[in-house]
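A.B. asks: coords please:
(one chain, ligands or ions: 1)
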Amino acid sequence: MDGTLLDGRVIYKIGQRFGFKSEIEKISKASRVPYLRSQEIAKLLKGLAVSEFTGIVRAIPLMNGAAQTVKQLKDKNYKVGIISDSYTLATEITARRLEMDFHAANRLEVKNGVFTGRLKMPLGWERIGCSCKQSVCKRYHLIRLAKKFDVELSNTVAVGDSNADLCMIETAGIGILFNPVQDNAPQNVKHTVRGKDLQLVLSFC
Ligand SMILES: [Zn+2]
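C.D. replies: As a prediction, the model looks like this:
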């Protein structure tokens, strides 16, 4: 979602607005296991009102071509959705904006309309032996959702922009890196797209 469907990253927009962007950057660069970093970042949201969070998410512009790309894929009978290590509150808004079929992400615990700082992580890597150790193993959720929609893995397309997406991109029938954040993209990723228009991925579908 971040950097692919949305032209921006939810957690950085929130951090910018509430003055903890540098803390997020510090945690992101720390050499900890990825899902522990997600837990640390969620703690920064403690005390923040859900309504403030959703207001910021709604204001993030869609990536150029995102709506057209989703529509074209749906016209070809693809099931289209989001697997993200962001938060369900954000993926739900984005999935609804784009009329998508599914979304999966971390869940932020809420009490009385305010975040507690605790995070419910779907994980998945521990079940399939994936080495990613992300809060959301995108490979696991790609496999799970393909099964749910009765789609062969060879008929799936995955688009992502970061190392957190690699286990999914390598597993999908067609895996595409879209404007990769890290410049050390591995060689076994066949397709890399550069340019700020999501419709560029349609040439592979
Ligand atoms: Zn994984």
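A.B. asks: who in this protein is up against the ion?
C.D. replies: W125, C130, C132, C137, R139, C167 (C-beta under 5 Å from the ion). Bear in mind the C-beta positions are built from the backbone N, C-alpha and C, glycine included.
A.B. asks: let's go with 6 Å and repeat that
C.D. replies: W125, C130, C132, Q134, C137, K138, R139, C167 (C-beta under 6 Å from the ion).
A.B. asks: contacting residues for the last one?
C.D. replies: Think C167. By C-beta atoms under 8 Å, 6 or more residues apart in numbering, the residues touching C167 are W125, C130, S131, C132, Q134, C137, K138, R139.
A.B. asks: may I see the buried residues of the host helix or strand of it?
C.D. replies: Here C167 sits within helix 166-171, counting by DSSP states H and E. For helix 166-171, a neighbour-count test (16 or more other C-beta atoms under 10 Å) marks L166, C167, M168, I169, T171 as buried.
A.B. asks: repeat for stretch 149-162
C.D. replies: T156, V157, A158, V159, G160, D161, S162.
A.B. asks: report the separation between the closest residue to the third one other than its chain neighbours and the ion.
C.D. replies: Among residues not flanking A158 along the chain, A172 sits closest, at 3.6 Å (C-beta to C-beta, 6 or more residues apart in numbering). Computed as C-beta to the ion, to the nearest Å, the A172 to the ion distance reads 12 Å.
A.B. asks: pretty sure A172 contacts E152?
C.D. replies: No - assessed by C-beta atoms under 8 Å, A172 is found out of contact with E152, at 11.0 Å.
A.B. asks: check contacts around S131.
C.D. replies: W125, C167.
A.B. asks: is it fair to say it lies in a helix?
C.D. replies: No - assessed with DSSP: H, G, I helix; E, B strand; the rest coil, S131 is coil; it does not lie in a helix.
A.B. asks: pLDDT score for it?
C.D. replies: On the pLDDT scale, S131 is placed at 96.
A.B. asks: what backbone torsions are found at it?
C.D. replies: Dihedral angles of S131 (phi, psi; degrees, to the nearest 10) stand at phi -90, psi 0.
A.B. asks: likewise I41?
C.D. replies: Torsion angles, degrees, to the nearest 10, at I41: phi -60, psi -40.
A.B. asks: still on that earlier bit, need the next SSE after the helix holding C167, C-terminal direction.
C.D. replies: Following helix 166-171 in sequence, per DSSP H and E, is strand 174-178.
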